[in-house]
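Peer 1: 3D, please:
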Amino acid sequence: MISAVTTPPPFALDILVVADSAESLATLHALVLASGHKVSSVQSASEAFASVLAREPDLLLVDLQRQALDGFEFTRQLRLLHDDRLLQVILISPSRGDEYVIQALKSGANAYLTRPVNGLLLDANLRQFSGLQALQSRLARLAQRQLDIIDNITESVITLDLNGNVEDMNSKAHEQFDPRPHFDHALPWSGDCQSLLGVPLKELLTQRECRVQRVDGSVLMVEVSYKEWREQGGVLYTLVLRDLTEQHAVELMQNEFLATVSHELRTPLTSVLGSLGLLAGGAAGSLPPAAMQLATVAQRNGKRLSRLVDDILDLTKLRSDQFVMHLRSQPVGLLLHEALAASQAYASTLDVQLTAEGIDTHGRTELRLDADRFLQIMANLLSNAIKHSPNGGVVTLKLEVTASTLRIHVIDRGPGIDAAFRSQLFKLFSKAEGDRHAGQSNSGMGLYISRLLVERMGGEIAAEPASEDLNVGATFSVVFPRQSNL
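Peer 2: Down below sits the predicted model:
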């Protein structure tokens, strides 16, 4: 016997020595201890089976020659009984030759040594298995950590395959959607997302919000986000379902509050504007110049406040799905001419020229639109372009028509759009800094409402610099698909 080295191993294995010879048992026991591992010993196959089931050691050293089960048969039956490939087995026998190595590996052993055992060779094998065990232990800890993190996420996380079959889900998903007893949650869900959530895969992947069915039969509105990834060549989708119940309740309260305040403001504001109009029109007699100036300022600001109230009312209706669109086939060219005419007075006060391109060429082109809301969108885009244009500047309203789309561009030559602000343009209450007409009304709702209105009519709205190189001016584009719109 060659003694083993005493350098500590990467990971101290729990090793069970199984030998029917007292001499072999003592030798192997001593070699394992010298290699720095934990060791226990048994002298029969039956004791070994019982010990494996009771303690689950990391590795078995097997040297059985004198009993009904030799080492080869013992290893084969051990694999049938305990099919865990993390359990390493080194089979020891006095027989030499490749055929015995092959027999040992076929029986389920991980390595084969001959007697008398070379301590250095045994130590080398144990070090290899120790390194593997250290890596497996680390991977197991990382995997468990990931599972614990996912299980502690407050949203439901579900992984589906390409056909919508459920591969995995976290504790929250089990709690909300899995009707099985808790002790069955470790078992895979034998079905697809339709059977679990009441929603097919296509809807989950294409809808930002959707209704799913909880385990108690109630319906839950959730926000769906997902990530597509691959494993062993197959496509998987991991979905996160965020409960929107509380958010929708808060939004409902906000909408109800805004609607109430807006309606309460509307009545006295109408009366105030009417009275100011009468005063400015001389109904109470001629006003001194100073009084007329004050009445005009009050009337102008009253109208601004009236437009703000209108925006708030529109916003509450749009966000609560109470907004009714009156879609009719409309001649786009005529509506755009009307929008230009309505903005002309405002452009003149700021010394801005309005021009048109392509409107007469495509004047007879029609789309299904809500004419009033379309004009509201155009008025918002044109007024923004005028407001951001320099004195003597030009704002162009351009119409482009193709077989599949209709594009409307509002182009100015103002200071352009700050790249850092571009992603915020169509969000609620977004305001850009540095406006040359900063004193004018800007509630931060106009573009947000315009986006909602365009989307309700089946279109899209976007903004880009009119010149990417110089970052001069801005182009706001509204795009409608022609075929689906008609």
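Peer 1: How about H37, nearest residue that isn't a chain neighbour?
Peer 2: L13 (4.6 Å; C-beta to C-beta, 6 or more residues apart in numbering). (C-beta placed from N, C-alpha, C; glycine too.)
Peer 1: Could you please name the strands the helix or strand R407 falls within pairs with and the direction of each pair?
Peer 2: Taking DSSP states H and E as the criterion, the element that holds R407 is strand 405-412. Sheet pairing for strand 405-412, assigned by DSSP bridges, gives strand 394-401 (antiparallel), strand 472-481 (antiparallel).
Peer 1: Now render those strands as CSV, adding mean neighbour count, mean pLDDT and distance to T245.
Peer 2: Shown next, in CSV, are the strands paired with strand 405-412 (neighbours: other C-beta atoms under 10 Å; pLDDT from 0 to 100; distance: least, C-beta to C-beta, whole Å):
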stretch, mean neighbour count, mean pLDDT, distance to T245
strand 394-401, 19, 93, 44
strand 472-481, 19, 89, 34
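Peer 1: For Q67, which of these is the nearest?
Peer 2: strand 472-481 (81.1 Å; C-beta to C-beta).
Peer 1: Convert the closest one to PDB, retaining C-alpha atoms only.
Peer 2: C-alpha atoms of strand 472-481 as PDB (Å, rounded to 0.1, in the frame of the first residue of the first chain):
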ATOM      1  CA  VAL A 472     -33.000  71.800 -35.600                       C
ATOM      2  CA  GLY A 473     -36.800  71.700 -35.600                       C
ATOM      3  CA  ALA A 474     -39.100  68.800 -34.900                       C
ATOM      4  CA  THR A 475     -41.400  66.600 -36.900                       C
ATOM      5  CA  PHE A 476     -44.500  65.200 -35.300                       C
ATOM      6  CA  SER A 477     -46.000  62.400 -37.400                       C
ATOM      7  CA  VAL A 478     -49.500  60.800 -37.100                       C
ATOM      8  CA  VAL A 479     -49.800  57.500 -39.100                       C
ATOM      9  CA  PHE A 480     -53.000  55.600 -39.900                       C
ATOM     10  CA  PRO A 481     -53.200  52.300 -41.600                       C
END
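Peer 1: Got phi/psi on the residue lying closest to F49 once chain neighbours are set aside?
Peer 2: Excluding the flanking residues, the one nearest F49 by C-beta to C-beta, 6+ apart is L81, at 6.4 Å. The phi/psi pair for L81 (degrees, to the nearest 10) reads phi -80, psi -40.
Peer 1: Please apply the same query to R79.
Peer 2: Phi and psi for R79, reported as degrees, to the nearest 10, are phi -70, psi -30.
Peer 1: roughly how far apart are it and G36?
Peer 2: Per C-beta to C-beta, to the nearest Å, R79 is found 27 Å from G36.
Peer 1: Please identify which of the two sits among more neighbours.
Peer 2: G36 (20 against 16; other C-beta atoms under 10 Å).
Peer 1: correct me, but the more buried one touches F11?
Peer 2: No. The criterion here is C-beta atoms under 8 Å, and G36 misses it with F11 at 9.8 Å.
Peer 1: and after the top strand by length along the chain, which helix or strand comes next?
Peer 2: Secondary structure of the chain per DSSP state E: the longest strand is strand 219-231. Following strand 219-231 in sequence order, the next helix or strand is strand 234-243 (DSSP H and E).
Peer 1: For that next one, name the packing helices and strands.
Peer 2: strand 156-161, helix 201-206, strand 219-231 (3 or more C-beta pairs under 8 Å, 6 or more residues apart in numbering; DSSP states H and E).
Peer 1: List the buried residues of that strand.
Peer 2: L236, Y237, T238, L239, V240, L241, D243 (16 or more other C-beta atoms under 10 Å).
Peer 1: Show me what it pairs with in its sheet, parallel or antiparallel.
Peer 2: For strand 234-243, pairing defined by DSSP bridges yields strand 156-161 (antiparallel), strand 219-231 (antiparallel).
Peer 1: ok, now how distant is E246 from R141?
Peer 2: In terms of C-beta to C-beta, E246 sits 35 Å off from R141.
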